[in-house]
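prediction below, plus the sequence it came from.
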Amino acid sequence: FGGGVKISPTSDNWYPTNRVWEYTPASNSWRELGPMPTKRGGGIALVLNNKIWVIGGAGYHPLQTDDVSIAANVPHRTVNTVEVFDPATGMWETKAPMLVPRNHLAGGVVNGKIYVMGGRIGSSFVGASSTDAVEEYDPATDTWRVRARMPYPRSGMAFASDGKLIYMSGGEYLNRDMVGVFRNAEAYDPARNVWYELPPMSVARHGFAGGIINGVFYTATGQLQSGTGGGGPGGSPQVEGFIIGKPAAGGTR
């Protein structure tokens, strides 16, 4: 769903896209579906009520033409857009926007509600600030509300949900004065609205994947340094797993 198409392997510039593809495992094949309403990259996609919710990201500035690639010195915008795709009908629907526009965020679904957390605000490039803002979306009322903030503001985290808690690790921190990459890991409990700090990863990284299989939160690959545009890409092949146990009774912040 959407994403960014780089103008060359060595460039940071990219074109937001609204193209949508469907993968069929039985035939190991892809086919293109109808486009997403909004061209954007750096958002997240979550499944709720048998529909796919594409949330946040960054795209073209309203006054910018879409034949110009996005760059740090080219006007663009971070969005709070929420668009929902129904695979049964192939149709899109727009829902209430997030309270805080953001890209490179994390999220999860617990007990029929959507949670979004962290991300970059203001820009999709270095120079943007990371946020610790957490929001909850209720599909019954099509409304968002603020929840307990993350322990550390950051973006580009690995994340996954087991249906009870939302697990998150790694990520990068950005502001005008400093950048950094995290090893930290946490779990968010929506029922109690508290965060639990977990043992850190062995390798700090951001821009990587996460998933839960058989009670283990796995993280895979990622970038070893913040996206400062210097020092080479610094990609990591690292795969780690955290065995999920019962959180401490009090929770930590």
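Okay, I see it. Numbers count the residues shown, from 1 in each chain.

C-alpha from now on. contacts and neighbour counts both.
Fine.

now do the contacts for Ile244.
For Ile244, the contact set (C-alpha atoms under 8 Å, 6 or more residues apart in numbering) comprises 215-217.

now stretch 88-103: buried residues?
Applying a neighbour-count criterion of 16 or more other C-alpha atoms under 10 Å, one finds 92, 97-103 buried in stretch 88-103.

just how off-centre is that stretch within its chain?
Computed by C-alpha atoms, centre = their mean, to the nearest Å, the chain-centroid distance of stretch 88-103 equals 14 Å.

and that stretch, average pLDDT?
For stretch 88-103, mean pLDDT is 97.

and the contacts of it?
Outside stretch 88-103, the residues that touch it by C-alpha under 8 Å, 6+ apart are 33-34, 36-37, 41-43, 56-58, 78-86, 118-122, 124, 133, 135, 142-145, 155.

the nearest residue in space to Gly207 that is not next to it in sequence and Met36, how far apart?
Nearest non-adjacent residue to Gly207, counting by C-alpha to C-alpha, 6 or more residues apart in numbering: Gly156, 4.6 Å away. As judged by C-alpha to C-alpha, to the nearest Å, Gly156 and Met36 stand 22 Å apart.

one more: Gly171?
Taken as C-alpha to C-alpha, the span from Gly171 to Met36 is 27 Å.

Gly222 now?
Separation of Gly222 from Met36 (C-alpha to C-alpha) stands at 27 Å.

the more surrounded of those two?
Gly222 (25 against 20; other C-alpha atoms under 10 Å).

ok, and the closest non-adjacent residue to that one?
In space, and not counting its chain neighbours, Gly222 is closest to Phe208: 4.2 Å by C-alpha to C-alpha, 6+ apart.

show the pLDDT at the one you found.
Looking at Phe208, the pLDDT reads 92.
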